[in-house]
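A.B. asks: Sharing a sequence plus its predicted fold:
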Amino acid sequence: MEKDLSNYRKSYEKQELLLKDVPENPMELFQKWFFEVDSFFTENETNAMTVSTFGLDGFPKNRVVLLKKYTYEGFIFYTNYNSEKGKAIAVNPNVCLSFFWPGAERQIIIKGKAEKIAENLSDGYFESRPRGSQLGAVVSNQSDIIDSREFLEKKLSDLENTYEGKDIPRPEFWGGYIVKPFEMEFWQGRPNRLHDRIRYLLQADYNWSINRLSP
């Protein structure tokens, strides 16, 4: 099998990102970009992000999850703590997040440390989820090998009967992480591959240094 992709081309010409225009705190720029993409490119899931971890096998692994909240402190997502990513984070909490918004010709790459959020915050979010999503979180031993789709569906059916007319408690193995960033890079596509790259680095005094990177 062979497919030559060398002729694939796209010219990036929509926006620019200049040092004189960026705020001192990267979270303010993140919020601005997120709002713009969410407002003008509604066909995409703006909060879809790639989470990269170092697996227990020594290899990096990427997967797409949904960002559920962001604050000045960091980025929050939810998952099964016993999943492949959860086990990886338990051993090495250094992770990388990335957002790619092709319609806006923008990308954000975030390096940070992941840690579990408070249990009451995970409880609150779990209670806000649709009932089907709650059941799915309980049913799935995420990343485990299973024999068939029917196995999952049987577990779901049994659980629906168990909790009929009852609240579904958040399982202890499921909850949120917050990724606290120490580096954030904003990429804006530009013509001739001379893209704008602005990198923020967190300093010891908790201020951010800001630099332009060569594309």
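C.D. replies: Yep, it's here.
A.B. asks: Residue 36: what secondary structure?
C.D. replies: Following DSSP: H, G, I helix; E, B strand; the rest coil, residue 36 is assigned to helix.
A.B. asks: tally of neighbours for the closest residue to it other than its chain neighbours?
C.D. replies: Distances taken as C-beta to C-beta, 6 or more residues apart in numbering place residue 104 nearest to residue 36, at 6.8 Å, with adjacent residues excluded. Every residue, glycine included, has its C-beta placed from N, CA and C. Close neighbours of residue 104, defined as other C-beta atoms under 10 Å, add up to 18.
A.B. asks: Ok, residue 163 next?
C.D. replies: Residue 163: 15 surrounding residues under other C-beta under 10 Å.
A.B. asks: who are the neighbours in contact with it?
C.D. replies: Residue 163 makes contact with residue 135, according to C-beta atoms under 8 Å, 6 or more residues apart in numbering.
A.B. asks: Apply 10 Å and report the result again.
C.D. replies: 131, 134-135, 138, 169 (C-beta atoms under 10 Å, 6 or more residues apart in numbering).
A.B. asks: Buried subset of those, written for PyMOL?
C.D. replies: Here is the PyMOL command that picks out the buried ones among the contacts of residue 163, judged by 16 or more other C-beta atoms under 10 Å:
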select buried, resi 134+135+138
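A.B. asks: Just put the contacts of residue 163 in JSON lines and tack on pLDDT, secondary structure and distance to residue 181.
C.D. replies: Formatted as JSON lines, the contacts of residue 163 follow (pLDDT from 0 to 100; DSSP: H, G, I helix; E, B strand; the rest coil; distance: C-beta to C-beta, whole Å):
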{"residue": "131", "pLDDT": "95", "secondary structure": "helix", "distance to residue 181": "34"}
{"residue": "134", "pLDDT": "94", "secondary structure": "helix", "distance to residue 181": "30"}
{"residue": "135", "pLDDT": "92", "secondary structure": "helix", "distance to residue 181": "33"}
{"residue": "138", "pLDDT": "90", "secondary structure": "helix", "distance to residue 181": "31"}
{"residue": "169", "pLDDT": "94", "secondary structure": "coil", "distance to residue 181": "32"}
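A.B. asks: Strands of the protein, start to end?
C.D. replies: With DSSP state E, the ranges of strands along the chain come out as 48-54, 60-66, 69-70, 75-80, 94-101, 106-116, 174-188, 196-202, 208-213.
A.B. asks: what about the ones you listed, which gets the closest to residue 2?
C.D. replies: Judged by C-beta to C-beta, the one of those that comes nearest to residue 2 is strand 60-66, at 25.1 Å.
A.B. asks: angle of that closest one against strand 48-54?
C.D. replies: Strand 60-66 runs at 150 degrees relative to strand 48-54, counting by axes from the mean of the first three to the mean of the last three C-alpha atoms, to 10 degrees.
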